[in-house]
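S.K.: just to be clear, the model below is a prediction. Sequence and coordinates:
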Amino acid sequence: MKKIYAFTFLLLFAIVNSQTYSFDFLTKYIAVGKNEKVQNEVVNYFNTDNFNYYLRLLRGSENFYAYLTDEEQNKVHEFEVTEIKNGTGIIFSFKYIKTNSLHKHPISQKHYRYEWSNKSNTGATLKIFKTRKAKKPSKEYQFSFKKANKNLFPVFRIAIMHPFENEKNINIDENIMVENAKYTCNYPPCSCDFRLAEYKNVSLDLTVPQ
């Protein structure tokens with residue numbers, strides 16, 4: 001009987017000392033360089049009612065991991081990812097590994113300046129300056145939007161615009177999502193096209209110990 005009580009206590013303790021994150025949307029953006037060569041793929045899960053946390057999948061040559069970033073708690077939770085093929089395609093299985101604090105995050109952006117132009121529900125241009133007095137932007141994005149049932153601009157900002165994931169001043173007050181973005185930078189010179197390759201509604205819950 002004591003063993004049953006002990007097991008029940010441990011189970012309740014585990015439930016109380018854990019946190020569940022829910023995700024309802026998945027996106028995959030691709031970075032396309034010269035000659036239409038795909039340079040990178042970025043896959044993320046989001047809760048479209050709460051962009052203060054998000055999940056990014058990173059595949060290495062031998063390993064496959066996911067990192068759940070919680071901006072409010074300043075933590076990142078690491079998971080090992082396994083691909084499982086079924087009759088409808090591929091699903092992911094997540095195994096919790098550990099939790100770390102986010103160091104030097106978010107990067108201070110108080111000296112940055114953001115200039116928007118040509119804003120509409122179909123597109124916009126954003127120039128980012130490293131200082132308030134800078135005359136030449138360090139980065140520029142030319143966005144093309146598609147309609148959405150809510151404001152999904154943060155999806156692109158989080159997935160692509162490091163280190164501005166949590167910069168609320170970079171936003172569009174429209175029910176849109178970024179379909180394409182032409183990106184250029186000046187220090188050092190570079191250019192790239194980001195394209196929305198896939199998006200879908202999902203239902204995913206991940207629980208981590210506190």
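M.R.: The structure has been received and is ready for your questions.

S.K.: from here on, contacts and neighbour counts on C-alpha atoms
M.R.: Noted.

S.K.: how many residues are close by the closest residue to F194 other than its chain neighbours?
M.R.: Closest residue in space to F194, ignoring its immediate chain neighbours: A31 at 4.6 Å, by Cα to Cα, 6 or more residues apart in numbering. Using other Cα atoms under 10 Å, A31 has 21 neighbouring residues.

S.K.: tell me if A31 really is in a strand.
M.R.: Yes: A31: assigned to a strand according to DSSP: H, G, I helix; E, B strand; the rest coil.

S.K.: and it, bridged to which residues?
M.R.: N40, F194 (DSSP bridges).

S.K.: from L57, how far out is it?
M.R.: Remark: distance between A31 and L57 (Cα to Cα, to the nearest Å) = 15 Å.

S.K.: do I97 as well
M.R.: From I97 across to L57, the span is 14 Å (Cα to Cα).

S.K.: of the two, give the one with the bigger neighbour count.
M.R.: L57 (18 against 12).

S.K.: list the contacts of F25.
M.R.: 45-48, 199-203 (Cα atoms under 8 Å, 6 or more residues apart in numbering).

S.K.: are any of these buried, and if so which?
M.R.: Neighbour-count burial (16 or more other Cα atoms under 10 Å) is assigned, among these, to 45-48.

S.K.: would JSON lines of these with pLDDT, distance to F25 and secondary structure be doable?
M.R.: As requested, the buried ones among the contacts of F25 are exported to JSON lines (pLDDT from 0 to 100; distance: Cα to Cα, whole Å; DSSP: H, G, I helix; E, B strand; the rest coil):
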{"residue": "Y45", "pLDDT": "98", "distance to F25": "6", "secondary structure": "strand"}
{"residue": "F46", "pLDDT": "98", "distance to F25": "5", "secondary structure": "strand"}
{"residue": "N47", "pLDDT": "98", "distance to F25": "6", "secondary structure": "strand"}
{"residue": "T48", "pLDDT": "97", "distance to F25": "7", "secondary structure": "coil"}
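
S.K.: dump the residues you listed into CSV; add distance to N118 as well.
M.R.: Formatted as CSV, these follow (distance: Cα to Cα, whole Å):
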residue, distance to N118
Y45, 29
F46, 28
N47, 29
T48, 26
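
S.K.: quick one: which two of the residues you listed are the most distant?
M.R.: Y45 and T48 (9.3 Å; Cα to Cα).

S.K.: which residues are common contacts for those two?
M.R.: Here Y45 and T48 share the contacting residues 23-25, scored by Cα under 8 Å, 6+ apart.

S.K.: which one of those is nearest to N35?
M.R.: Distances from N35 to these, taken by Cα to Cα, are shortest for F25, at 30.7 Å.

S.K.: for that closest one, which non-adjacent residue is closest in space?
M.R.: Leaving out its chain neighbours, the residue that sits closest to F25 by Cα to Cα, 6+ apart is N201, at 4.6 Å.
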